[in-house]
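Q: have a look; sequence and predicted model below, questions after that.
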Amino acid sequence: FDLGCGDGRLLITAVNNKHTEGLRCVGIEMDPVFTSRAVTSIQQLAATTQQRIEIREGDVLQLGYQDSTESAPQQQSTTTATAENNLLGETGKSLCQHLTLLNDATAVYLFLVASGLKKIKTLLDRVVEIRKQQERPFLVVAYMFQVHGWEPVQVDRTTKGEMPLYLYRFEA
């Protein structure tokens, strides 16, 4: 899951990596301009790759708490009518449509300002709690800003402009 996914470039890079065969990615973005850019970029990919990425437009705090036992999510996604035929290829459905942050995320990338991280901290803590109950590991990478109250296992400052990447690992 990429929270604050912008134009989707991280998700596209992830699914196109030769070491991530079968990876499914969900991006959540609240800005419709960036959501539209992400959908357009994804439409340029092969149909089998398109099926492995879904962009959901909306507020992380609303979309993030949804779980797979609920009815269909109330959000726009790459499966909206305007993109549906081109984006979903032969099978006609996304491989990500049933994935939820609470139940399915194994890794989360955060490109949010400090105030945004503060707002979603309770949601992130809930995901960590659920993963521990499920006895499944969970990774979080935060760009530029540290998640308050969490201790990173690694800080990487080799990015452009030496902006830090904070890696958090929660073991089962």
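A: Perfect, I can see it now. Residues are numbered from 1 along each chain as shown.

Q: quick one, phi psi at the residue nearest to residue 32 when sequence neighbours are not counted?
A: In this structure, residue 32 finds its nearest non-sequential neighbour in residue 57, 6.1 Å apart by C-beta to C-beta, 6 or more residues apart in numbering. Just so you know, the C-beta spots here come from the backbone N, C-alpha and C atoms, and that holds for glycine as well. Note on residue 57: its backbone torsions stand at phi -90, psi 120 [degrees, to the nearest 10].

Q: what about residue 57, neighbour count?
A: 21 (other C-beta atoms under 10 Å).

Q: identify the bridge partners of it.
A: Going by DSSP bridges, residue 57 is paired in beta bridges with residue 29, residue 76.

Q: what separates it from residue 98, distance-wise?
A: Here residue 57 is placed at a distance of 18 Å from residue 98 (C-beta to C-beta, to the nearest Å).

Q: low-confidence regions, the chain specifically.
A: Counting by pLDDT under 70, the ranges of the chain that qualify are 68-93.

Q: in the lengthiest helix in the chain, what counts as buried?
A: In the chain, with assignment by DSSP state H, the single longest helix is helix 114-134. Neighbour counts over helix 114-134 (16 or more other C-beta atoms under 10 Å) mark 116-117, 120, 123-124, 127-128, 130-131 as buried.

Q: name the residues that touch it?
A: For helix 114-134, the surrounding residues in contact (C-beta atoms under 8 Å, 6 or more residues apart in numbering) are 3-4, 60-61, 64-65, 101-103, 105, 108, 110, 112, 137-138, 140, 142, 145, 147-149, 170, 172.
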